[in-house]
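>>> Quick one, structure for this:
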Amino acid sequence: MTSRTKKTERVVKRMIHTLFAMGLLVSLQAQTADTTVYVAVEEMPRFPGCEMLDTTAAVKAQCASQALLSFMYSNIRYPQQAQQEGIEGTVVLSFVVEPDSTISNLSVRKDIGGGCGVEAMRVASQMNNIGVRWSPGKKGGKSVRTQFNLPIRFKIEEPLPYNLVNGDTIYIQFDEALAFSGGPDSLSNYLNRRLRYPASVQDTCIVGQLEVDVLVHPNKTVRILNITDYNDLGFDFWYEAVAATTSTYGKWKPAVYEGRQVPASFTLNMAFTPDTESCQSTVDRYNKAMALANEGAQLFNDEKQEEGLAKMSEAVTMFPDDANLLILRGQAYLDMNRMEEACMDLSKARDITLLDWYDNLLPFICRPQEDTGANK
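The predicted structure follows:
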């Protein structure tokens, strides 16, 4: 063996020893990294916005607490279910502030029902997405994983009797509600006479539903606020729905609030089924699916969840692109905390209808579910 070869061999051996030592060091560092989630540390995490203050840590903590609550309360929307049921109280969230200033392991430690816990979670879960970076907890001068508990108070305020929607004042409280002349049966019969299945698609056997939200003014004029297409029926069906809706002009009894007539809205449900003999089997199958869905919903409400879910799933299998069915089953999955299935159904329904009902909730429903356990 030449001296050059021996020298090269010694260099290679030293490199191997160095690389081995470096790898061992990295391995040891990884093994000794502090992954403990601390409940109490010398310096607790702080919401951003107050770190530039030239003051004590206690004053910064008080400022950060106010900024955090301001962020939460300015983004929280009181759930409609909680308002209707008069639910008030305090939701407590728990999460971990990581050394990199993000939050993880978000969970509800205490809930009061009515969707309040989910709503608080929705707002808190947006922190990482919008770039909120906490000042992490400190132990021995080092940033560590720290558990943070956040109480959020839900208190119902006296609501206004109306909503403002795209510049329109729409009353939601009445002494006398908006009503069609002759009552609900008269409205149903009227729409059945007026609503026509589009001739251009008569042989397609398409079935489905539209919802038309109308605004009726005190002078009895009718204006369409929105059309929700649960089956992606398309323009021909929308045209017929608009024609039937606008023909109700002058046939309404306006809503009354505090002795005066006020503008109010009404939702018209319009079902389209072809009447040709060749499409009768499709219509029968559609009616069966709707009956299964209604039966499933009743079973679910009677606390027979699995039986009810099976009926809903049978209906969805028959009409997999019916957003009404997807929303019904998706809400059932959500109530059962089966987030992955709820995400699939509600996301698909969102794509079909373009409804924004679940937009604020979908990022939470569809996010990978984290392990919410914490080391003490």
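>>> Which element, helix or strand, includes the residue lying closest to K220 once chain neighbours are set aside?
Computed as CB to CB, 6 or more residues apart in numbering, the closest residue to K220 that is not its neighbour in sequence is G250, at 5.0 Å. Just so you know, the C-beta spots here come from the backbone N, C-alpha and C atoms, and that holds for glycine as well. Taking DSSP states H and E as the definition, one finds G250 inside no helix or strand.
>>> Test for you: state the pLDDT assigned to G250.
pLDDT for G250: 93.
>>> can you check D229 too?
95.
>>> Quick check: beta-bridge partners of it?
D229 has these beta-bridge partners by DSSP bridges: L210.
>>> quick one on the thing from earlier: for the residue nearest to K220, grab phi and psi.
With angles defined as degrees, to the nearest 10, G250 sits at phi 80, psi 0.
>>> Now for it, how many residues are close by?
10 (other CB atoms under 10 Å).
>>> ok, now how distant is it from R109?
Distance of G250 to R109, given as CB to CB, to the nearest Å: 56 Å.
>>> can you check Y286 too?
45 Å.
>>> Those two: who's more crowded?
Using other CB under 10 Å as the criterion, Y286 and R109 rank with Y286 on top: 22 against 15.
>>> Return the residues in contact with that one.
Residues counted as contacts of Y286 (CB atoms under 8 Å, 6 or more residues apart in numbering) are 207, 273, 318-319.
>>> Please repeat the previous calculation with a cut-off of 7 Å.
Y286 makes contact with 207, 273, 319, according to CB atoms under 7 Å, 6 or more residues apart in numbering.
>>> So the last one is in contact with N287, correct?
No - contact between F319 and N287 fails when scored by CB atoms under 7 Å: they sit 11.0 Å apart.
>>> Between these two, which is the more surrounded one?
F319 (21 against 13).
>>> What about the closest residue in space to the more buried one that isn't next to it in sequence, how many residues nearby?
Nearest residue to F319 in three dimensions, chain neighbours excluded: A289, at 5.2 Å (CB to CB, 6+ apart). Around A289 there are 21 other residues, counting by other CB under 10 Å.
>>> Pull the contacting residues for L225.
Neighbouring residues of L225 by CB under 7 Å, 6+ apart: 213-215, 265.
>>> Next step: the residues you listed restricted to strands.
Mapping these onto strands (DSSP state E) picks out 213-215, 265.
>>> May I ask which two of these are separated the most?
Farthest-apart pair in those is D213 and L215; separation 7.6 Å (CB to CB).
>>> Break down the stretch 1-150 of the chain into its helices, ranges please.
In the stretch 1-150 of the chain, the helices defined using DSSP state H, counting those that start in this stretch lie at 3-32, 57-75, 80-84, 116-129.
>>> if we look at the third one, which residues are touching it?
Residues lying outside helix 80-84 but in contact with it, judged by CB under 7 Å, 6+ apart, are 114-116, 154, 156.
>>> ok, 8 Å please
For helix 80-84, the surrounding residues in contact (CB under 8 Å, 6+ apart) are 87-88, 112-116, 154, 156, 159.
>>> give me the number of residues near the spatially closest residue to R46 that is not a sequence neighbour?
With CB to CB, 6+ apart as the criterion, R46 has its nearest non-adjacent residue at 3.8 Å, and that residue is A64. Around A64 there are 21 other residues, counting by other CB under 10 Å.
>>> can you pull the contacts of A64?
So A64 contacts 46-50, 135 (CB under 8 Å, 6+ apart).
>>> before we move on, what about A57?
Contacts for A57 (CB under 8 Å, 6+ apart) come out as E43.
>>> measure it to A64 for me?
Separation of A57 from A64 (CB to CB): 10 Å.
>>> what's the answer for S104, then?
Shown here: S104 relative to A64, a distance of 19 Å by CB to CB.
>>> the strands in the chain, which residues?
Using DSSP E, strands in the chain cover 37-38, 89-97, 103-110, 137-139, 142-154, 162-165, 168-171, 179-180, 208-216, 222-229, 252-253, 255-257, 260-262, 264-272.
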